[in-house]
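Engineer: sharing a model that was predicted from the sequence below.
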Amino acid sequence: MNLRRENVRMVAKLVVVTVGMFAFGYALVPIYKAICEVTGINILALGDRNIPGATATLPANTQVDTTRTITVEFDANARGPWEFKPALRSLQVHPGELATVMYEFQNVQDRRMAAQAIPSYAPKQASRHFNKLECFCFTQYTLEPGEKKSWPVAFVIDPKLSRDVTTITLSYTFFEVGGKTPPAPLADASAKLPVGAGS
């Protein structure tokens with residue numbers, strides 16, 4: 001009899017825990033929305049909700065450091081018979097500012113290929129402060145013979161980057177998946193782009 005009573009109590013406890021977990025999960029969405037409204041964390045959702053047509057503008061990004069300008073140079077290394085290059089050679093950005101650059105790729109072979117890119121940075125310390133929000137290097141791609149692709153790299157440079165750094169080089173090495181993976185290129189501080197190449 002005691003065993004049956006203990007089983008009933010255990011089942012009752014499990015039912016209460018299950019109902020509590022369901023209620024908590026159901027309440028998470030309104031709790032999240034309330035926290036985002038109070039703290040302003042979800043700026044994109046806030047901006048979307050407040051646009052009554054196209055008249056409203058997003059709040060200004062107070063994290064942008066307009067007192068500094070960093071030149072970001074873009075490099076591409078194709079380890080194989082294909083074409084790979086950035087649409088821009090360089091871009092000037094403020095720390096905290098969202099920027100986007102396109103990279104162009106073409107499979108010039110007469111066969112399908114799968115490929116992926118490896119990024120590297122110079123100076124090396126910049127890698128901790130170069131935050132990519134969107135990047136083709138996160139994914140492997142399959143391209144048909146002759147197929148062309150353009151991929152965006154959206155990034156923000158952390159304002160905590162040392163003030164000594166005024167130029168960052170973002171370099172990609174594109175390699176065929178299934179082949180030998182090449183090492184990321186070594187950054188050479190002396191190999192700078194010529195003045196006026198960033199057009």
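Structural biologist: Good, I have the coordinates.
Engineer: ok, residue 166 touching residue 70?
Structural biologist: Yes - between residue 166 and residue 70 there is a contact at 6.1 Å, judged by CB atoms under 8 Å. Any C-beta I mention is one placed from the backbone N, CA and C, and that applies to glycine too.
Engineer: which one's more surrounded, these two?
Structural biologist: Set residue 166 next to residue 70 and count neighbours by other CB atoms under 10 Å: residue 70 wins out with 21 against 11.
Engineer: for that one, grab phi and psi.
Structural biologist: Phi and psi for residue 70, reported as degrees, to the nearest 10, are phi -120, psi 130.
Engineer: what of residue 140?
Structural biologist: Main-chain torsions, residue 140, degrees, to the nearest 10: phi -90, psi 140.
Engineer: ok, it - contacts?
Structural biologist: 114, 115, 116, 177 (CB atoms under 8 Å, 6 or more residues apart in numbering).
Engineer: quick check: chain neighbours aside, which residue is closest to it?
Structural biologist: Closest residue in space to residue 140, ignoring its immediate chain neighbours: residue 116 at 4.6 Å, by CB to CB, 6 or more residues apart in numbering.
Engineer: on the three-state scheme, the one you found is what?
Structural biologist: Under the three-state scheme (DSSP: H, G, I helix; E, B strand; the rest coil), residue 116 adopts strand.
Engineer: can you count the residues close to it?
Structural biologist: Per other CB under 10 Å, the neighbour tally for residue 116 reads 17.
Engineer: measure it to residue 145 for me?
Structural biologist: Per CB to CB, to the nearest Å, residue 116 is found 18 Å from residue 145.
Engineer: related to what we said a few turns ago, out of the contacts of residue 140, give me the one that has the most neighbours.
Structural biologist: residue 115 (23 neighbours).
Engineer: so that one is in contact with residue 173, correct?
Structural biologist: No - in this structure, residue 115 is not within contact of residue 173 by CB under 8 Å, at 10.6 Å.
Engineer: stretch 127-143 - what's its average pLDDT?
Structural biologist: What stretch 127-143 shows for mean pLDDT is 87.
Engineer: buried set for that stretch?
Structural biologist: By neighbour count with 16 or more other CB atoms under 10 Å, stretch 127-143 contains the buried residues 129, 130, 135, 136, 137, 141, 143.
Engineer: any chance of the residues you listed in JSON lines, plus secondary structure?
Structural biologist: What follows is the buried residues of stretch 127-143, written out as JSON lines (three-state DSSP):
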{"residue": "129", "secondary structure": "coil"}
{"residue": "130", "secondary structure": "strand"}
{"residue": "135", "secondary structure": "coil"}
{"residue": "136", "secondary structure": "helix"}
{"residue": "137", "secondary structure": "helix"}
{"residue": "141", "secondary structure": "strand"}
{"residue": "143", "secondary structure": "strand"}
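Engineer: and of those, the nearest to residue 65?
Structural biologist: For these, the residue nearest residue 65 by CB to CB is residue 129; the value is 11.9 Å.
Engineer: next, give me the two most distant ones among the contacts of residue 140.
Structural biologist: Pairwise across the contacts of residue 140, and taking CB to CB, the largest span is found between 114 and 116, at 7.7 Å.
Engineer: okay then, goodbye and thanks.
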